[in-house]
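Q: the sequence and its predicted three-dimensional model are supplied below.
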Amino acid sequence: MTLTETTLSKPLSSLTASQKNRIFETEFYPVMDALYNFAFRLTLNEDDANDLVQETYLKAFRFIETYQVGTNAKAWLFRILKNSFINDFRKKSKEPDKTDYDEVEQIYNSEDTHYSATVDLRSEVFSGVLGDELSAALNSLPVDFRLIILLSDIEGFTYEEMSKIIGIPIGTVRSRLHRARNMLKDMIKGYAQRMGYKVDEA
Amino acid sequence: MKDNTCQKVVDKIPLYLDGEMPENEIPIFLEHVQYCSKCMTKFASEQTFKEVVRERCERKCISSHLADSIKNRISMLLARS
């Protein structure tokens, strides 16, 4: 029998150690670098990122019976990591009930600001951006904005996958992504202006 | 009228670039973008932005030391179970 057939024919609670090992080897370990990159971008700290990844794999082991073999391991693991991160982040921040996003949302939602419209920049401005500047800009984004850019533009998750990982409706995924990208472009624009690029469209 | 159409098209650019546009909408969308210089400029800008973020952001890899440590830990847990 294949792994899937064997798994489906038994009650969920009886995956053998060998089957679990196979799931880790073929589905979970291959995602490790992507998970680490994600953890590092979120925590901005190597030690915290290491802890987060380790914690994620331990949770994966603990909850492996709830994972449907052969389905989206990457999304499943990213969800676990994201939840661990948000829990730790809320504990550490001064106002546990408020994330960075609440404040930022006010600025980027307001009808008075021009951030609600798409930030238009010349293509050349983006083309000239260096990796360092981009990293710095990304790291400066508020956590919820950074998170969604990481999932979409770095990891290539679909809106539906992101909706499940973050735990928000798809409509919210789209609007948050739009605002996050605007903010990122804004930061790049600021940098470009300081460097003397002509930034606005002809 | 044309401005309204352009605004609608521009709003859908992320949808197309993110691979989320319904298939039946794609030909109409691309046709407009192809023949409208304003929308093409915005499209090119968005496309470049997305590519730059995807390709120029440094991707960190996990240290082999930690990777081994995690795998060993899991192996031990599996041996016990």
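A: Perfect, I can see it now. Residues are numbered from 1 along each chain as shown, chains lettered A, B, ... in the order given.
Q: phi and psi next, for the residue of chain A found nearest chain B.
A: Chain B sits closest to A:Tyr36 of chain A, with a gap of 3.8 Å, by Cβ to the nearest Cβ. The C-beta positions use only the backbone N, C-alpha and C, and glycine is treated the same way. Torsion angles at A:Tyr36 (phi, psi; degrees, to the nearest 10) stand at phi -60, psi -40.
Q: ok, now which ones touch it?
A: A:Ala49, A:Asn50, A:Val53, B:Lys60, B:Cys61, B:Ile62 (Cβ atoms under 8 Å, 6 or more residues apart in numbering or on different chains).
Q: which strands and helices sit next to the biggest helix by length in chain A?
A: Criterion DSSP state H: the longest helix present in chain A is helix A:170-194. Counting contacts by 3 or more Cβ pairs under 8 Å, 6 or more residues apart in numbering or on different chains; DSSP states H and E, helix A:170-194 packs against helix A:100-109, helix A:123-127, helix A:131-140, helix A:143-149, helix A:159-166, helix B:2-17, helix B:37-56.
Q: let me know which of those is the nearest to A:Tyr191.
A: helix A:131-140 (5.4 Å; Cβ to Cβ).
Q: mind checking pLDDT for B:Leu33?
A: To be clear, residue B:33 is Val; Leu isn't right here. pLDDT for B:Val33: 96.
Q: surely A:Ile166 is in contact with A:Phe145?
A: No - in this structure A:Ile166 lies outside contact range of A:Phe145 using Cβ atoms under 8 Å: 11.7 Å.
Q: kindly reformat the contacts of A:Tyr36 as JSON lines containing distance to A:Tyr29 and secondary structure.
A: Below are the contacts of A:Tyr36 laid out as JSON lines (distance: Cβ to Cβ, whole Å; DSSP: H, G, I helix; E, B strand; the rest coil):
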{"residue": "A:Ala49", "distance to A:Tyr29": "17", "secondary structure": "helix"}
{"residue": "A:Asn50", "distance to A:Tyr29": "16", "secondary structure": "helix"}
{"residue": "A:Val53", "distance to A:Tyr29": "11", "secondary structure": "helix"}
{"residue": "B:Lys60", "distance to A:Tyr29": "17", "secondary structure": "coil"}
{"residue": "B:Cys61", "distance to A:Tyr29": "13", "secondary structure": "coil"}
{"residue": "B:Ile62", "distance to A:Tyr29": "10", "secondary structure": "coil"}
